[in-house]
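Novice: Okay, sequence plus prediction incoming.
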Amino acid sequence: MRRAHVVIAGAGYAGLAAYLALRPRLDRGLIDLTVVSAADAHLLLPELPLYLAGQESERDIRLRLGHLIRPPARLHQARILQVRTQPPALVVQGAVDPWRADGLVLALGSIPDDFGVPGVRAHATVIGRWDDARDLRRRLLATLASRHGGRVAIVGGGFTGVEIAAELADTHRVAGRIVLIAPHLLAGLPDRVGQTARAALERLGVELLLGARAAAVRADGVVLADGRHVSCTTTIWAAGVRASPVLADSHLAVNRRGQAEVDATLRLAPCVYACGDCAAVKDPRTGQPLAPTAQAALQQGPAAAANLLREFEGAQRQPLRMRNLGFLISLGRGQAVGSVLGHTVDGGDVATLKRLIETYHAFQIGGLHALGSRLLRSTGARR
């Protein structure tokens, strides 16, 4: 009997979690499995602020896919151009014909959203691509190491913008040279979280321009909607993300953020499932859209894989059951704030907990290879 061939599109948190969930079936010879990714490594995005501040190296936040995806699974590095659902297939750059599959797990991730603001692509560094992050780190370290260097403007008051501002300010102690521009700080979160974050950023010397919106980005700074000009030498765009454009380009049903419309079981079409940042998933308890976080992706990937297998077997698919344990936001070394099981928490112990969670997430998708390298680094640091 021919084995079902499953193709996972994408190797972010959701894609790798789906791969690990399918691995036991693969090892028993019950399915064939291919992972398609344009990148050759998985980027631990929650740890990017530490990398940009110079606290972590490339090997700390990038896990080579060749170390993670092992035979008999196949890893194919290529850009995905289009998704087809009848029958399930991917159009892949460099391939003459579409790659057909018995089942697809779409974990295509997200891209930065410039919201149509002029000059973002030309004059700002958007958070997302590895090559951009590596170049940005070099420029930031050179700028902030100089006593007469320029200013850094960060556009975006969400998790990423706040953490980058905090880590840069705390590591380099450059009061007045980092400015955060955003309509709101950590919008939608409990007031105490936002207040704690604001106080921490102000303590670190970050200039906060709240209630402000970027109308344009220029080589010499950011133009605000009210006409003010914020002078800076480096602009970091961390204002938000939208789903991979591959979904809309494939004429699939998507929401205003470009995410694939899926049902409660993460099914998009027969034997096609979507998960992670590229899927419009609602919290079954509240009915509200789930935020694009590593925590959500790590639960959605296995759920999508399990329901695909159930569909192969003619069994009843199961709705996603999310376990939302909360969130934590780093505010510099030894400081963090967040919510755990509905309770707002902050302080040094919370910062330690955040680092432990990041290590656990790395272990979840990188296994002992990722955990071992972190333990070696930790041991070296103590020496």
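Specialist: Thanks, I have it. Numbering: from 1, shown residues only.

Novice: what residues are up against A53?
Specialist: 140, 164, 167-168, 170-172 (CB atoms under 8 Å, 6 or more residues apart in numbering). All C-beta atoms are positioned from the backbone trio N, CA, C, and that covers glycine.

Novice: What is the three-state secondary structure of T344?
Specialist: Secondary structure, DSSP: H, G, I helix; E, B strand; the rest coil: T344 is strand.

Novice: got a pLDDT number for the residue most central in space within the chain?
Specialist: When the chain is reduced to its mean C-alpha position, the closest residue under CA atoms, centre = their mean turns out to be L45, at 5.0 Å. Residue-level confidence at L45 comes out at 90, pLDDT.

Novice: what are the phi and psi angles of it?
Specialist: The phi/psi pair for L45 (degrees, to the nearest 10) reads phi -60, psi -40.

Novice: That one touches A294, doesn't it?
Specialist: Yes: assessed by CB atoms under 8 Å, L45 is found in contact with A294 at 7.2 Å.

Novice: circling back to that earlier point, can you tell me how far the residue nearest to the centre of the chain is from A238?
Specialist: Computed as CB to CB, to the nearest Å, the L45 to A238 distance reads 11 Å.

Novice: same deal with C278?
Specialist: 19 Å.

Novice: One more: T293?
Specialist: Taking CB to CB as the measure, T293 falls 15 Å from A238.

Novice: Which secondary structure element of the chain has the lowest mean pLDDT?
Specialist: The weakest-scoring helix or strand in the chain, judged by mean pLDDT, DSSP states H and E, is helix 348-382 (a mean of 74).

Novice: Just the helices from the chain, written as ranges.
Specialist: Secondary structure of the chain, counting by DSSP state H: helices at 13-27, 48-52, 58-61, 65-68, 120-123, 130-145, 159-172, 191-203, 246-249, 294-313, 348-382.

Novice: Of all those helices, which one is nearest A89?
Specialist: The stretch from the helices of the chain with the least distance to A89 (CB to CB) is helix 246-249; that distance is 13.0 Å.

Novice: before we move on, back to that, which of C278 and A238 has more residues huddled nearby?
Specialist: C278 (34 against 27; other CB atoms under 10 Å).

Novice: Show me the chain divided up by domain.
Specialist: The record assigns the chain these domain ranges, following automatic domain parsing: 4-112+241-324, 120-237, 336-382.

Novice: for the second one, what is the average pLDDT?
Specialist: Right, the one you point to is domain 120-237. Across domain 120-237, pLDDT averages out at 95.

Novice: End to end on it, go ahead and measure it.
Specialist: Counting by CA to CA, to the nearest Å, the length from the leading to the trailing residue of domain 120-237 is 7 Å.

Novice: For the stretch 1-150 of the chain, give me the ranges with low pLDDT.
Specialist: Using pLDDT under 70 as the threshold, the predicted model of the stretch 1-150 of the chain has low-confidence ranges 1.

Novice: N324 is in contact with Q299, correct?
Specialist: No: in this structure, Q299 is not within contact of N324 by CB under 8 Å, at 9.1 Å.

Novice: Comparing the two, which residue is more hemmed in?
Specialist: Neighbours per residue (other CB under 10 Å) separate Q299 from N324, with Q299 holding more: 23 against 17.

Novice: which residues does that one contact?
Specialist: By CB under 8 Å, 6+ apart, the neighbours of Q299 are 17, 320, 322-323.

Novice: ok, and the most crowded of those residues?
Specialist: Greatest neighbour count in the contacts of Q299, by other CB under 10 Å, goes to A17: 28 neighbours.

Novice: Give me the distance between C275 and D132.
Specialist: From C275 across to D132, the span is 25 Å (CB to CB).

Novice: Of those two, which one has the most company?
Specialist: Under the criterion of other CB under 10 Å, the comparison of C275 against D132 puts C275 first, with 35 against 14.

Novice: Spatially, which residue comes closest to that one, not counting chain neighbours?
Specialist: Leaving out its chain neighbours, the residue that sits closest to C275 by CB to CB, 6 or more residues apart in numbering is Q300, at 3.8 Å.

Novice: same deal with H361?
Specialist: A294 (5.5 Å).

Novice: so who does the one you found touch?
Specialist: A294 is in contact with 13, 45-46, 361, counting by CB under 8 Å, 6+ apart.

Novice: before we move on, the earlier item: test my guess that the residue nearest to C275 contacts G276.
Specialist: Yes: in this structure, Q300 is within contact of G276 by CB under 8 Å, at 5.8 Å.
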